[in-house]
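K.L.:
Structure for the following, please:
(chains A and B)
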2 protein chains.
Amino acid sequence: MNILVATEKAFSPFAIRQIREVTEAAGFTLVLLENYTDKSQLLNAVSTADALIVRSDKVTSEVLNAAIQLKIVVRAGAGYDNLDLQACTSRNVVAMNTPGQNANAVAELVFELLLYQIRGGFSGKTGSELRGKTIGLHGFGNVGKYVADIARGFGMDIYAYDPFVSERVMKNNSAKQSTDINEMYSKCKYISIHMPLNEKTMKSVGYELIKKLPQNGVVVNTARKEIINEDGLLKIFEERKDVCYLSDIEPDCKSVFEEKYKGRYIFTAKKMGAQTEEANINAGVAAARQIVDYFTKGIEKYRLNK
Amino acid sequence: MNILVATEKAFSPFAIRQIREVTEAAGFTLVLLENYTDKSQLLNAVSTADALIVRSDKVTSEVLNAAIQLKIVVRAGAGYDNLDLQACTSRNVVAMNTPGQNANAVAELVFELLLYQIRGGFSGKTGSELRGKTIGLHGFGNVGKYVADIARGFGMDIYAYDPFVSERVMKNNSAKQSTDINEMYSKCKYISIHMPLNEKTMKSVGYELIKKLPQNGVVVNTARKEIINEDGLLKIFEERKDVCYLSDIEPDCKSVFEEKYKGRYIFTAKKMGAQTEEANINAGVAAARQIVDYFTKGIEKYRLNK
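P.N.:
Okay, here's the model as predicted:
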């Protein structure tokens, strides 16, 4: 079996060593196409691959048509908008992601954003503290749970809203269940968003919710930017001078913030929540393990195109 | 009794309201000298004061000589190098600080510094995570304990070295006791310094200790800058390209860092560890309470000039 790692942006050497260990221990052959610069290189390399590991590389029907032996493709990471799932299904290729592997990386970024904002960077201005404050987690999946762990260390009062997660799971992770999202936004000084992007969540956080925040409320968005209704966000910023928005990626309305709301936002230069050595290693190794488990035991736990 | 609050940099109005409540409830009179710009204003104001609350304002023998009624001076904060203790003693003035009130503020700054450094700010470069890493606390007083609390939330492996604190206290705060400082520096990727400045600690962290740090070691210093032996620090930076130094205040050798070690340091614009609204309020109110307790009950718990 040929396992191809095809990455425009290479894994770290340490990650590759571990991926190699996992695949070779199962008797498979690891093939590397790192830092490729032209699609033709990818099309050529996939022609002999039985399994494919990618990062943000686009797996289109063109790629799948060239991959005549391919049985499984795994996106090393949680998001998978770079995989054409329909094309995978019609070509009988199993598609997977590796959820949870970068959850802690994202959670730690939440606190980098929060601390930097409320302390005024390193300017020496008088800031404020997290201890004893309320934080509301909008979504309580892998990332939300890590955020709750860290927030507990900071002595915060933690609430969580997630219709798909039980009160017991929340309680085990130090969070109190909120059953009313409006109420959670009303009582939490800090809101951290941890929802996937889908039809229901698209633009679901806007004027009505954010206006409920208490004085000096802060919204932290390390999920997709499309979760936010930016028109509503701008309306709130127009109405209230105390609210802040911290986002792991620039919103479309960035220029308005730059012009009018200096000091009340942080936007990372590019999506960086999952960008840690640890997350990259974890996701790559998880991808290799999932491929081995699929071929040797038929395990399809993280299959996306069921 | 006249309680004078004399501050070049004023407390917040909220803090003053609480200080007023505490002093007036005890039947004392609160007098405010806020944002004074000339020493003569201070010398004039202290002449009728029975008690004095200051922040970083210098209480010299000149001030004490003008304060003919003064019985107690309290520094709202932990450090007290602005109080001339000897002069207080010879004038029979009780001198106190308010330790612990800003400990959490300092502890939170440690994590702002650490997260910002290891994630590369908000640049989107690949960073690293705190979870699962080792942190060594050099000094385990009020700040060290809060740092341990937060580090536990981040899932870190916590060690502490402090000859004045028992293993039991450390264990109750999630830290493992290190009895050998050299060994602690050898095994901890992150070292956070939480010692007061005195003859023994002055320049006590230098070449021999820092060189023991593992690969990519980071020293965080939110204590006084004089704890560091800067010659030794510079020697290590010359020898190793992987070590970082994060400091709450610029070291004297700042210009060398700026010239040669870009990306391997953070220096705050001015000492900001204790600069939060919460800490300022806590310290001011604690100072007022300690004065009331001293006059009404003779309590001298935080007396510095025993």
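
K.L.:
Contact residues of the stretch 201-306 of chain A facing chain B?
P.N.:
A:266-272, A:275-280 (C-beta under 8 Å from any C-beta of the partner chain). Yep, even glycine has a C-beta here, placed from its N, CA and C like the rest.

K.L.:
again, only using 7 Å
P.N.:
By C-beta under 7 Å from any C-beta of the partner chain, the residues of the stretch 201-306 of chain A that approach chain B are A:266, A:268-270, A:272, A:275-278, A:280.

K.L.:
Among the residues you listed, the buried ones, what's the PyMOL command?
P.N.:
The PyMOL selection below is limited to those of these classed as buried (16 or more other C-beta atoms under 10 Å in any protein chain shown):
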select buried, chain A and resi 266+268+272+275+276+277+278+280
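
K.L.:
B:Pro99: which of the residues of the stretch 201-306 of chain A next to chain B is nearest?
P.N.:
The closest of these to B:Pro99 turns out to be A:Ile266 (C-beta to C-beta; 33.3 Å).

K.L.:
I figured the closest one hits A:Leu114, correct?
P.N.:
No: between A:Ile266 and A:Leu114 there is no contact, the gap being 9.5 Å when judged by C-beta atoms under 7 Å.

K.L.:
Show me where the stretch 201-306 of chain A dips below the pLDDT cut-off.
P.N.:
The stretch 201-306 of chain A contains no residues with pLDDT under 70.

K.L.:
Looking at it, which residue is nearest chain B?
P.N.:
Ranked by C-beta to the nearest C-beta, the top residue of the stretch 201-306 of chain A for proximity to chain B is A:Lys270, at 3.8 Å.

K.L.:
Can you report how many residues lie near A:Glu238?
P.N.:
Applying other C-beta atoms under 10 Å in any protein chain shown, we find 11 residues neighbouring A:Glu238.

K.L.:
In terms of pLDDT, where does whichever residue of the stretch 151-300 of chain A sits closest to chain B sit?
P.N.:
Here the residue of the stretch 151-300 of chain A nearest chain B is A:Gly153; by C-beta to the nearest C-beta that distance is 1.8 Å. pLDDT recorded at A:Gly153 is 98.

K.L.:
Who are the packing partners of the longest helix along chain A?
P.N.:
Longest helix of chain A, by residue count under DSSP state H: helix A:277-297. Contacts defined by 3 or more C-beta pairs under 7 Å, 6 or more residues apart in numbering or on different chains; DSSP states H and E place helix A:277-297 against helix A:13-25, strand A:51-54, strand A:72-75.

K.L.:
how about 8 Å then?
P.N.:
strand A:2-7, helix A:13-25, strand A:51-54, strand A:72-75, strand A:94-97, helix A:103-118 (3 or more C-beta pairs under 8 Å, 6 or more residues apart in numbering or on different chains; DSSP states H and E).

K.L.:
Measure how the very next helix or strand once past the longest one sits relative to helix A:103-118, angle-wise.
P.N.:
I take that to be helix A:103-118. Downstream of helix A:103-118, the first helix or strand assigned by DSSP states H and E is strand A:134-138. Inter-element angle recorded for strand A:134-138 and helix A:103-118: 140 degrees (by axes from the mean of the first three to the mean of the last three C-alpha atoms, to 10 degrees).

K.L.:
Do a quick rundown of the strands in the stretch 201-306 of chain A.
P.N.:
A:218-221, A:244-247, A:265-267 (DSSP state E, counting those that start in this stretch).

K.L.:
What strands flank the last one, and is each parallel or antiparallel?
P.N.:
Taking DSSP bridges as the criterion, strand A:265-267 sits next to strand A:244-247 (parallel) in its sheet.

K.L.:
still on that earlier bit, and the closest residue to the residue of the stretch 201-306 of chain A closest to chain B other than its chain neighbours, what is it in contact with?
P.N.:
Once flanking residues are discounted, A:Lys270 sits nearest to B:Gly124: 3.8 Å by C-beta to C-beta, 6 or more residues apart in numbering or on different chains. Contacts for B:Gly124 (C-beta atoms under 8 Å, 6 or more residues apart in numbering or on different chains) come out as A:268-272, A:275.

K.L.:
Go ahead and confirm the residue of the stretch 201-306 of chain A closest to chain B touches A:Ile249.
P.N.:
Yes: taking C-beta atoms under 8 Å as the definition, A:Lys270 is a contact partner of A:Ile249 at 6.8 Å.

K.L.:
where does the stretch 51-200 of chain A dip in pLDDT?
P.N.:
Checking the stretch 51-200 of chain A against pLDDT under 70 turns up nothing.

K.L.:
Write out the residues of it neighbouring chain B.
P.N.:
Residues of the stretch 51-200 of chain A lying near chain B (C-beta under 8 Å from any C-beta): A:104-105, A:108-109, A:111-113, A:115-116, A:119, A:122-132, A:146, A:149-155.

K.L.:
Can I get the buried part of those as one PyMOL selection?
P.N.:
In PyMOL, a selection of the buried entries from these looks like this (16+ other C-beta under 10 Å):
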select buried, chain A and resi 104+105+108+109+111+112+113+115+116+119+122+124+126+127+128+129+130+131+146+149+150+151+152+153+154+155
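
K.L.:
Compute the number of surrounding residues for A:Val165.
P.N.:
19.

K.L.:
residue contacts, the closest residue to it other than its chain neighbours?
P.N.:
Closest residue to A:Val165 apart from its sequence neighbours, by C-beta to C-beta, 6+ apart: A:Phe140 at 4.6 Å. When contacts are counted by C-beta under 8 Å, 6+ apart, A:Phe140 touches A:148, A:160-162, A:165, A:169-170, A:173, A:175, A:194.

K.L.:
hmm, 10 Å instead?
P.N.:
If a contact means C-beta atoms under 10 Å, 6 or more residues apart in numbering or on different chains, then A:Phe140 has A:147-148, A:159-166, A:169-170, A:173, A:175, A:177-178, A:194-195 as its contacts.

K.L.:
what's the answer for A:Glu300, then?
P.N.:
A:72, A:94, A:96, A:290, A:293-294, A:306.

K.L.:
can you list the residues you listed in JSON lines and add distance to B:Ser186?
P.N.:
Formatted as JSON lines, these follow (distance: C-beta to C-beta, whole Å):
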{"residue": "A:Ile72", "distance to B:Ser186": "44"}
{"residue": "A:Val94", "distance to B:Ser186": "47"}
{"residue": "A:Met96", "distance to B:Ser186": "41"}
{"residue": "A:Gln290", "distance to B:Ser186": "37"}
{"residue": "A:Asp293", "distance to B:Ser186": "39"}
{"residue": "A:Tyr294", "distance to B:Ser186": "43"}
{"residue": "A:Lys306", "distance to B:Ser186": "50"}
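
K.L.:
Can you tell me which of the residues you listed are buried?
P.N.:
Using 16+ other C-beta under 10 Å, the buried members of the contacts of A:Glu300 are A:72, A:94, A:96, A:290, A:294.

K.L.:
The last one contacts A:Ile72, doesn't it?
P.N.:
Yep, that's A:Tyr294 we're talking about. Yes: counting by C-beta atoms under 10 Å, A:Tyr294 touches A:Ile72, with 5.5 Å between them.

K.L.:
Mutual contacts of those two, please.
P.N.:
Common neighbours of A:Tyr294 and A:Ile72, counting by C-beta under 10 Å, 6+ apart, are A:51, A:94, A:96, A:300, A:303.
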